[in-house]
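Colleague: Sequence and predicted structure are below.
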Amino acid sequence: MKLHTSILLLAASTLSTALAIEARAAQDVLNDISQIKTQTATVQRDIDAFQGGPASAVQALQIKTDSDTLQKTIQKGSTDARNSASFTDNESAAIANAVTGLQTSIFKVLNSLVAKKAGFETAIFGSSAVPIVHDTLVGLRADTGYFGGNVTQKLTPQIAKLSPLIVSNIDFHFVRAVDAFSSG
């Protein structure tokens, strides 16, 4: 009887730990999305402050530094999503809404970069930062795609059906920005 009770307690403990890990995993992804939103706003402020031209090396470096931080957070979010158990209906809805809420700020950052492309052509003490911006965008696009794919795999089937619309819309804007920085 004592052994039977010990096994039941161990099983209950394992189950409660597993449930806590799953709940934390969804919350981790939501926290990652919140950080992505915050860091996207930081990059937008950097771009807004960027004047372009030879005297803008420090501003260009700040954009690059904050973009690298954003990319690491996207990578962490991708890993957290990949390592999560499937999300519940409520978790899926919360995560889908959070990702949808990122679209506007992502589009604004990408459009702002494209609008200031000419300023990047001489931003490194008269030399071009365009290849650096291009490569950064390529990396951000790839990691954003991985993040979207990993999140989609964990969403409930009903919500996952909508994911390609969101992911492809974000990717479309990345493609336009990458193309804009492919020449120059």
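Modeller: Arrived safely, thanks for sending.
Colleague: Geometric centre of this protein: which residue is closest?
Modeller: Relative to the mean C-alpha position of the chain, the nearest C-alpha, by C-alpha atoms, centre = their mean, is the one of Ile74, at 3.6 Å.
Colleague: Show the contacting residues for Gly149.
Modeller: Taking C-beta atoms under 8 Å, 6 or more residues apart in numbering as the definition of contact, the neighbours of Gly149 are Val167. (Glycine included, C-beta is placed from N, CA and C.)
Colleague: How about the helix or strand containing it, which residues are buried there?
Modeller: Taking DSSP states H and E as the definition, Gly149 sits inside helix 130-154. Neighbour counts over helix 130-154 (16 or more other C-beta atoms under 10 Å) mark 130, 132-134, 136-137, 140-141, 143-148, 150-152, 154 as buried.
Colleague: follow-up on the earlier one: and the residue nearest to the centre of the chain, what's its pLDDT?
Modeller: At Ile74, the predicted lDDT confidence score is 98.
Colleague: same thing with Gly145?
Modeller: Each residue has a pLDDT score; the one for Gly145 is 96.
Colleague: For Val175, see how far away it is.
Modeller: Going from Gly145 to Val175 by C-beta to C-beta, to the nearest Å gives 11 Å.
Colleague: same question, Gly53
Modeller: Counting by C-beta to C-beta, the gap from Gly53 to Val175 is 27 Å.
Colleague: before we move on, what about Ser92?
Modeller: According to C-beta to C-beta, Ser92 stands 27 Å off from Val175.
Colleague: so where's this protein shaky on pLDDT?
Modeller: 1-24, 184 (pLDDT under 70).
Colleague: For it, which segments are assigned as helices?
Modeller: 2-49, 57-83, 89-115, 117-120, 130-154, 157-160, 163-180 (DSSP state H).
Colleague: Provide a list of residues in contact with the closest residue to Ile63 other than its chain neighbours.
Modeller: When the adjacent residues along the chain are set aside, Ile63 lies closest to Asp46, with 4.5 Å between them (C-beta to C-beta, 6 or more residues apart in numbering). With contacts taken as C-beta under 8 Å, 6+ apart, Asp46 has the following neighbours: Gln59, Gln62, Ile63, Asp66.
Colleague: and which of these is nearest to Thr40?
Modeller: Asp66 (9.4 Å; C-beta to C-beta).
Colleague: Can you report phi and psi for Ser84?
Modeller: Backbone geometry at Ser84, expressed as degrees, to the nearest 10, gives phi -80, psi 160.
Colleague: Any idea how many residues pack against it?
Modeller: Residue neighbour count, defined by other C-beta atoms under 10 Å, stands at 22 for Ser84.
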